[in-house]
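Asker: Starting from these lines, generate the structure:
(one chain, ligands or ions: 1)
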Amino acid sequence: MIVLENVSKVFETKKGRVEAVKDVNLHVKKGEIHGVIGYSGAGKSTLIRCVNLLEKPTTGKVFINGEEITSLNSGKLAEKRKHIGMIFQGFNLLKTATVYDNIAIPLKLIGLNKTEVENRVKKYLDIVGLSEKVNSYPSQLSGGQKQRVAIARALSQEPEILLSDEATSALDPETTDSILDLLLKINIELGITILLITHEMNVIQKICDYVYVMENGDIVEQGSAIDLFTKPERETTKKFLNTIAQRKLSPSLINQLQGTGSVLRLTFVGESTGQPLLAAVSKQFDVSPNILTANIIELKNGIVGNIVIHLEGDQKHIRDSLQFLKEKGVGVEELEG
Ligand SMILES: Nc1ncnc2c1ncn2[C@@H]1O[C@H](COP(=O)(O)OP(=O)(O)OP(=O)(O)O)[C@@H](O)[C@H]1O
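Answerer: Numbering: from 1, shown residues only. I've put the predicted structure just below:
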């Protein structure tokens with residue numbers, strides 16, 4: 001549905017060249033939600049703006065539904081852009097227009113008649129749960145309500161793709177959750193494919209099927225949300241994971257515990273979540289597991305359990321226990337002080 005092939009974007013500035021996006025490839029399949037996560041300055045905004053050519057890539061190609069849009073003339077590009085909606089952190093609503101007009105004006109501009117405009121405004125305000133605010137002005141709405149209007153405005157163009165540029169970054173956690181639920185609903189019920197950028201791991205956790213981690217213009221790690229949450233490889237990915245779950249122990253505690261065994265992070269996913277594996281390990285191998293931290297992370301497509309244990313015992317028994325756990329499908333990472 002969305003394919004980026006070797007896309008790079010270089011800005012020439014007075015201070016020199018800025019390589020904001022470096023040779024990025026991504027492929028968002030129809031009906032999926034993909035998320036790009038990275039710290040400020042990683043290149044996320046530039047990347048997402050390359051998808052609808054708000055930013056023209058310096059090199060590389062962008063395909064939407066199999067058609068290369070990087071080579072289209074402006075008329076054809078405008079036509080193609082109708083299939084791509086976009087929402088922003090700052091909502092971008094017209095302050096002097098009512099909710100109705102914020103949605104209706106762009107519809108009139110694409111030539112819809114009065115009845116069709118009315119029908120679409122009603123339909124999409126209903127979908128975002130804001131019908132009663134039709135005559136309000138943006139200044140009379142909360143942040144979450146403003147974002148709902150912006151979502152209704154994007155949906156009213158009946159796009160196949162929705163691009164979300166930090167849509168929840170300005171919202172409190174509860175409002176963020178309700179907007180994420182709404183994005184999930186429109187993905188499932190309207191079949192809209194979503195590509196989002198964020199610096200919040202909980203956004204990835206709640207709604208993404210697939211994740212790209214971006215750093216200095218590069219995609220440094222990517223995979224299904226479940227794979228990334230169970231087998232993160234890059235330090236940046238691990239840091240993002242630490243923001244949503246208690247995963248870190250102090251080096252001095254780890255050093256102290258290593259005197260009598262090993263400190264391990266075990267990650268359970270799928271079938272391994274339902275088995276009493278720690279009890280089995282202690283019976284079979286003469287080791288004593290002691291749970292230090294534990295949490296469950298609910299992802300869009302599954303549940304991941306994380307526990308950090310101190311496994312007391314001699315090195316041979318610990319090695320055998322680790323082998324046993326790995327064979328049962330548990331992710332095992334030995335923590336160092
Ligand atoms: N129009 C521009 N001209 C020059 N440099 C730019 C321009 N837009 C972005 N950059 C630079 O490109 C790099 C990536 O910026 P970008 O805004 O894409 O990152 P980001 O990950 O979205 O960050 P943030 O979350 O803070 O918005 C930064 O170094 C930024 O200064």
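Asker: ranges for the strands of the stretch 101-250 of the chain?
Answerer: 161-165, 193-198, 210-215, 218-224 (DSSP state E, counting those that start in this stretch).
Asker: could you check the angle strand 193-198 makes with the shortest one?
Answerer: In terms of direction (axes from the mean of the first three to the mean of the last three Cα atoms, to 10 degrees), strand 161-165 departs from strand 193-198 by 10 degrees.
Asker: how deep is the spatially closest residue to residue 96 that is not a sequence neighbour tucked in, by neighbour count?
Answerer: Using Cβ to Cβ, 6 or more residues apart in numbering and skipping the chain neighbours, the partner closest in space to residue 96 is residue 137 (7.7 Å). C-beta coordinates here come from the backbone N, C-alpha and C atoms, glycine included. Residue 137 is flanked by 16 other residues according to other Cβ atoms under 10 Å.
Asker: so residue 137 touches residue 93, yeah?
Answerer: No. Counting by Cβ atoms under 8 Å, residue 137 does not reach residue 93; the two are 9.1 Å apart.
Asker: Could you list the low-confidence segments of this structure?
Answerer: Applying pLDDT under 70 to the chain picks out residues 246-247, 271-275.
Asker: Quick check: residues of the protein near the ligand?
Answerer: Neighbours of the ligand within the chain, by Cβ under 6 Å from any ligand atom: 11, 13, 18, 20, 38, 40-46, 199.
Asker: export these to TSV and tack on neighbour count?
Answerer: Shown next, in TSV, are these (neighbours: other Cβ atoms under 10 Å):
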residue	neighbour count
11	13
13	8
18	14
20	22
38	24
40	7
41	12
42	24
43	25
44	25
45	21
46	21
199	17
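Asker: Next, give me the two most distant ones among these.
Answerer: Farthest apart among the residues of the chain next to the ligand by Cβ to Cβ are 13 and 199. That separation is 23.1 Å.
Asker: care to break the protein down by domain?
Answerer: Annotated domains of the chain cover 2-234, 251-334 [automatic domain parsing].
Asker: which of these sits most buried?
Answerer: Comparing the domains of the chain by mean neighbour count (mean count of other Cβ atoms under 10 Å), domain 2-234 comes out on top with a mean of 18.
Asker: what's the straight distance from one end of it to the other?
Answerer: With Cα to Cα, to the nearest Å as the measure, domain 2-234 spans 25 Å from end to end.
Asker: Just checking the distance from stretch 174-183 to the centre of its chain.
Answerer: 13 Å (Cα atoms, centre = their mean, to the nearest Å).
Asker: er, stretch 152-160 I mean
Answerer: On Cα atoms, centre = their mean, the centre of stretch 152-160 falls 20 Å from the chain's centre.
Asker: who touches it?
Answerer: 1, 30, 65, 82-87, 93, 102-103, 106-107, 110, 120-121, 123-125, 127-128, 130, 162, 186, 190, 192-193 (Cβ atoms under 8 Å, 6 or more residues apart in numbering).
Asker: can you give me the end-to-end distance of that stretch?
Answerer: 14 Å.
Asker: nearest residue to residue 45 other than its sequence neighbours?
Answerer: residue 165 (6.1 Å).
Asker: Let me see the backbone angles for the residue in the stretch 151-300 of the chain that the ligand sits nearest to.
Answerer: Here the stretch 151-300 of the chain gets closest to the ligand at one residue, residue 199, 5.8 Å apart by Cβ to the nearest ligand atom. Main-chain torsions, residue 199, degrees, to the nearest 10: phi -120, psi 10.
Asker: and it, what does it touch?
Answerer: 37-40, 44, 166, 169.
Asker: Please look at residue 162 and residue 87 and confirm they touch.
Answerer: Yes. At 6.9 Å, residue 162 counts as touching residue 87 under the criterion of Cβ under 8 Å.
Asker: For residue 2, give its distance to residue 192.
Answerer: 12 Å (Cβ to Cβ, to the nearest Å).
Asker: Now do the helices in the protein.
Answerer: 44-51, 74-81, 99-109, 114-127, 143-155, 173-190, 201-207, 225-230, 235-242, 251-258, 277-285, 315-327 (DSSP state H).
Asker: which residues are contacting the longest one?
Answerer: Translated: helix 173-190. By Cβ under 8 Å, 6+ apart, helix 173-190 touches 31, 33, 127-129, 142-144, 147-148, 151, 155, 162, 164, 167-168, 171, 192-194, 196, 200, 202-203, 206-207, 300.
Asker: rerun that using 6 Å as the cut-off
Answerer: By Cβ atoms under 6 Å, 6 or more residues apart in numbering, the list of residues contacting helix 173-190 from outside reads 33, 144, 147, 168, 192, 194, 206-207.
Asker: Quick check: closest non-adjacent residue to residue 118.
Answerer: That would be residue 104: by Cβ to Cβ, 6+ apart, it lies 7.9 Å from residue 118.
Asker: Pretty sure that neighbour sits against residue 121.
Answerer: Yes. Using Cβ atoms under 6 Å, residue 104 is in contact with residue 121, at 5.4 Å.
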